[in-house]
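> structure of the sequence below:
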Amino acid sequence: MKAGLSLRMGQSLSMTPALQQAIRLLQLSSLDLELEIQQALDGNVMLERDEADTDVDTPAEAAESSPDGDSTAVREGPEAEVFGDADVLGESLPVDADWSDCCDLDPAPSSGTPNDELQQFLDANRCAARTLYDHLLEQLQLCELSGVMAEIGLHLIDSVDADGYLRDFDAVAEDLRSRYGVSDAQIGAALETVQGFDPSGVAARDLRECLQLQLWNLPSRTPGATTALRLVEDFLTRLPQTPDATLANQLKVDVAEIDHARTLIRSLQPHPGRPFMDHEADYVAPDVFVRREKDRWQVNLNPAHRPKVRINATYPQLIKRADTSPDQKLMKGHLQEARQFIHALEARNETLLRVAQAIVESQRAFLEYGPEAMRPMVLRDISAQLGIHESTVSRATANKYMATPRGLFELKFFFSSHVSTTEGGTASATAIQAIIKRLVAAEPADQPLSDSALSDQILAEGIKVARRTVAKYREGLGIAPSHERRSVFS
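Below is the predicted model:
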């Protein structure tokens with residue numbers, strides 16, 4: 001084989017740093033974008049927050065008069081550069097000068113009083129979440145247990161899990177016997193005391209005992225309490241599938257009494273410790289607002305998520321074109337990065353708005369008539385309409401939310417596959433799921449619809465959908481099968 005040199009011409013796509021940054025910003029959620037903006041502000045001296053909320057689309061006017069009456073300004077744009085009297089600027093700032101010699105870089109000190117008052121208010125109103133352990137421990141300290149019995153009670157409380165159950169009671173009892181030399185009667189007495197604590201049903205060893213404890217604590221005249229206790233003791237595992245008439249016949253009571261007992265059991269808490277668990281609230285702020293004005297749907301970006309950053313008006317004036325010192329190179333690099341960052345933010349907003357407008361235009365029937373009017377739509381439909389790549393649409397809709405008169409939806413919600421109709425058209429999967437929810441909500445309580453029955457009723461409305469597809473959509477909606485539809489617990 002002979003080695004040689006040759007020339008070849010071709011075309012290839014080059015991912016410039018600016019393009020990579022624009023792609024990364026496009027796929028960020030609003031929270032991640034805010035963090036990205038804050039990091040850019042912390043790392044680039046040229047960027048600052050626009051407290052006046054000026055529009056970044058307009059050129060930044062940073063003209064300040066010099067002592068000789070001349071002015072220097074910054075022109076923003078793809079080929080923006082510093083222009084003005086460079087000679088005067090060069091004479092006024094030597095190469096080895098410190099930036100503090102010509103401008104005050106330290107912000108003016110603030111009193112901090114409003115922030116201090118706010119922090120004091122937050123500290124005064126901050127309270128820690130009360131755990132189930134703390135709640136039970138406080139009740140143990142107020143009861144009459146003392147000595148070794150108090151130690152046993154403390155050990156039992158420490159063994160209660162987050163749901164409020166004492167699931168490993170046998171192992172706990174064996175540990176108590178070996179550690180304190182106590183009898184089973186003493187352990188049982190301490191357990192009975194702890195099970196009497198609030199919340200009702202706590203420290204139960206299984207679901208049946210948990211429900212029994214709650215029923216025992218009810219007033220004796222509670223309608224259906226006695227029958228509910230018998231149902232829990234003898235028919236708990238078969239209760240969802242057993243008809244009321246069969247239960248009434250076996251317990252020798254009226255059917256109405258069985259109905260009262262079922263209602264009472266549904267009101268019980270199968271997980272007594274759940275109310276004491278830490279629940280993290282996830283708040284979603286919409287990226288896009290949609291509202292109807294004069295028979296037209298208006299789409300607007302959330303002003304709170306629009307970038308409020310601009311180029312500082314002071315530092316660009318200190319840059320000299322001909323100077324190649326490290327300080328000048330650093331400032332020029334920061335200026336170029338600042339312009340690219342602002343342009344990437346503008347491109348993100350423009351792409352997000354265009355994609356949202358295209359989605360609203362395609363799904364007007366959903367906005368006007370509801371989920372059953374949702375049209376089938378895929379990423380390719382929006383990309384072809386806007387003339388952009390499917391990956392761009394995917395990034396623009398990832399982790400973005402739209403606030404509509406019908407609720408808050410993720411942009412991905414409006415994309416769904418299609419199913420054929422009897423008339424040769426198509427229906428979206430979202431519309432079929434909405435139909436399934438409507439049919440299940442209207443089904444008779446004693447005769448829940450099977451997947452085959454749901455498929456037949458959907459076919460009667462003009463949509464062909466197989467039973468297996470109905471089962472898949474039903475499971476995706478969290479709807480139980482027909483034989484489990486009448487669950488004891490809601």
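> can you give me the strands in the protein?
Using DSSP state E, the strands found in the chain span residues 47-49, 64-65, 71-74, 82-83, 288-293, 296-301, 309-311, 401-404, 407-410, 418-420, 426-428.
> got those as JSON lines, with distance to residue 351 and mean neighbour count columns?
From N, CA and C alone the C-beta is placed, and that goes for glycine too. Below are the strands of the chain laid out as JSON lines (distance: least, C-beta to C-beta, whole Å; neighbours: other C-beta atoms under 10 Å):
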{"stretch": "strand 47-49", "distance to residue 351": "21", "mean neighbour count": "18"}
{"stretch": "strand 64-65", "distance to residue 351": "35", "mean neighbour count": "10"}
{"stretch": "strand 71-74", "distance to residue 351": "26", "mean neighbour count": "18"}
{"stretch": "strand 82-83", "distance to residue 351": "30", "mean neighbour count": "16"}
{"stretch": "strand 288-293", "distance to residue 351": "12", "mean neighbour count": "15"}
{"stretch": "strand 296-301", "distance to residue 351": "11", "mean neighbour count": "14"}
{"stretch": "strand 309-311", "distance to residue 351": "18", "mean neighbour count": "22"}
{"stretch": "strand 401-404", "distance to residue 351": "15", "mean neighbour count": "20"}
{"stretch": "strand 407-410", "distance to residue 351": "17", "mean neighbour count": "14"}
{"stretch": "strand 418-420", "distance to residue 351": "26", "mean neighbour count": "16"}
{"stretch": "strand 426-428", "distance to residue 351": "24", "mean neighbour count": "20"}
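> residue 264: which of those is closest?
Among those, the nearest to residue 264 by C-beta to C-beta is strand 407-410 (34.1 Å).
> now for that closest one, which elements pack on it?
strand 401-404 (3 or more C-beta pairs under 8 Å, 6 or more residues apart in numbering; DSSP states H and E).
> quickly run through the sheet partners of the strand it packs on, with directions.
Counting by DSSP bridges, the strands paired with strand 401-404 are strand 288-293 (parallel), strand 407-410 (antiparallel).
> that older thread, to residue 324, which of the strands of the chain lies closest?
Using C-beta to C-beta, the strands of the chain put strand 82-83 closest to residue 324, at 15.1 Å.
> where does pLDDT dip in the stretch 301-450 of the chain?
Applying pLDDT under 70 to the stretch 301-450 of the chain picks out residues 307, 321-322, 422-424.
> at 80 what do you get?
For the stretch 301-450 of the chain, the stretches with pLDDT under 80 are 305-308, 315, 317-324, 417-427, 445-446.
> where exactly do the helices run in it?
For the stretch 301-450 of the chain, the helices defined by DSSP state H, counting those that start in this stretch cover 326-362, 364-369, 379-386, 390-397, 429-441.
> turn those into JSON lines, including distance to residue 473 and mean neighbour count.
Supplementary listing: those in JSON lines, determined by distance: least, C-beta to C-beta, whole Å; neighbours: other C-beta under 10 Å:
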{"stretch": "helix 326-362", "distance to residue 473": "22", "mean neighbour count": "19"}
{"stretch": "helix 364-369", "distance to residue 473": "17", "mean neighbour count": "15"}
{"stretch": "helix 379-386", "distance to residue 473": "21", "mean neighbour count": "17"}
{"stretch": "helix 390-397", "distance to residue 473": "22", "mean neighbour count": "20"}
{"stretch": "helix 429-441", "distance to residue 473": "5", "mean neighbour count": "19"}
